[in-house]
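Engineer: Just the structure for this:
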Amino acid sequence: MNDRAVELLEQYEVEVLRTRKGRGSILCDTDRGCLILKEYAGNAEKIELQDRLLKAVAQRGTVSVEAIVPAREGGLLVKDQDGTAYVLKTWQDGRECSIYDKSECREAVSLLAQLHECMELPVDTPGLPAAFSPEKEYEKHNREIRRVRKYLHQKGQKQSFEISLQGACDYFLEQAEEVTRQWKEYCGNMKGQEPSDKEGTVAFCHGDYQYHNILLGSKGWFLVNFEKCLPDDPVRDLYLLLRKLLEKGNWSVSLGTELLEAYGRQRPVAAGSWIDLYYRLAYPEKFWKIANFYFNSGKAWIPGRNQEKLEKLVSQEKEKQHFLDEVFRNVEYIRINK
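Structural biologist: Down below sits the predicted model:
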């Protein structure tokens, strides 16, 4: 981050005692505690929505989350001479949630359930975006996988990673298309049948709920980086965290069950959301990420890390399918009887 950004702190009603560099940010020790100044890539409407959401969570007082500090003139963003926008937020020094500590993982999931109890805004909130559509997202991903497959088929001399990627394309594309087909069929059958849990409100997700954004400090857990918040079924966050932890844990049925139970004790998962969670986990998003990253990157030199990720994904596929079969064995029954 440009050191000139420090000058932007003069636009706030805070007394800065000292500053230090963080990861893409400036940490500020002030008379109002520790604050963090970061670049902001979104627009003013989005950060106003984020601010409303954070205030709604803070008002409930059950989960500690960041807060946006307004500038002296009242705006939530300030800009430097180049027009780059910055946001100032509260911060708590601490470490990230340990993905290797089962008890901390359970706490992170339980904390997420508590967060979801507060993540709602009135339906008439200004600037409220349309709800996220997994089926449209999956269709887009499927087109991108097909594009990669076609490119590899037409490519002449291939590197070892490209040979491995081409070999995996048909399997994962078929899987992606089948999940998408089933999801669309289910959504079509349920259209208009699933009433909102709470009339007059819209459920939001954190949007990037992973261990990097779950901090443990002297005052307990503290959640940060809500920039990707959006209206969606709350299992979106649960899916992301579960997938990250289960990939590290080789899709352990016992670990997954523990985490789901920890969430359910705080906030039971409705039948429709359980089906939603199943399809999100069943979709081969990690393969799409690997393929899409490859296609949009320079191909003269392919990092060895790409090959490692692909090999791990393929080697874990049997365990992943076993996990889905064991943990979500009741999905078909729920689909038929809803």
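Engineer: which stretches of the stretch 151-300 of the chain form strands?
Structural biologist: 201-205, 214-217, 220-223, 230-231 (DSSP state E, counting those that start in this stretch).
Engineer: JSON lines for those, including mean neighbour count?
Structural biologist: To be clear about C-beta, it is placed using only N, CA and C from the backbone, and glycine gets the same treatment. Formatted as JSON lines, the strands of the stretch 151-300 of the chain follow (neighbours: other C-beta atoms under 10 Å):
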{"stretch": "strand 201-205", "mean neighbour count": "21"}
{"stretch": "strand 214-217", "mean neighbour count": "20"}
{"stretch": "strand 220-223", "mean neighbour count": "18"}
{"stretch": "strand 230-231", "mean neighbour count": "18"}
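Engineer: Look up how far residue 41 lies from the residue nearest the centre of the chain.
Structural biologist: By C-alpha atoms, centre = their mean, the chain has its centre lying nearest to residue 208, at 2.7 Å. The gap separating residue 208 from residue 41 is 13 Å, by C-beta to C-beta, to the nearest Å.
Engineer: list the residues that contact both of those two?
Structural biologist: Residues touching both residue 208 and residue 41 (C-beta atoms under 8 Å, 6 or more residues apart in numbering): residue 227.
Engineer: Leaving out chain neighbours, which residue sits closest to residue 87?
Structural biologist: If the residues on either side of it in the chain are set aside, residue 87 comes closest to residue 40, at 4.4 Å by C-beta to C-beta, 6 or more residues apart in numbering.
Engineer: mind listing what that neighbour touches?
Structural biologist: 47, 77, 85-87, 227.
Engineer: picking up where we left off before, closest to residue 59 out of the strands of the stretch 151-300 of the chain?
Structural biologist: With distances scored as C-beta to C-beta, the stretch of the strands of the stretch 151-300 of the chain nearest to residue 59 is strand 201-205 (13.9 Å).
Engineer: Helices of the stretch 201-338 of the chain, residue ranges please.
Structural biologist: For the stretch 201-338 of the chain, helices defined by DSSP state H, counting those that start in this stretch occupy the ranges 235-248, 253-266, 271-282, 285-295, 304-327, 331-337.
Engineer: For residue 26, which of those helices is the nearest?
Structural biologist: helix 235-248 (27.7 Å).
Engineer: Quick one: distance of that closest one to the chain centre.
Structural biologist: Distance of helix 235-248 from the chain centroid (C-alpha atoms, centre = their mean, to the nearest Å) equals 9 Å.
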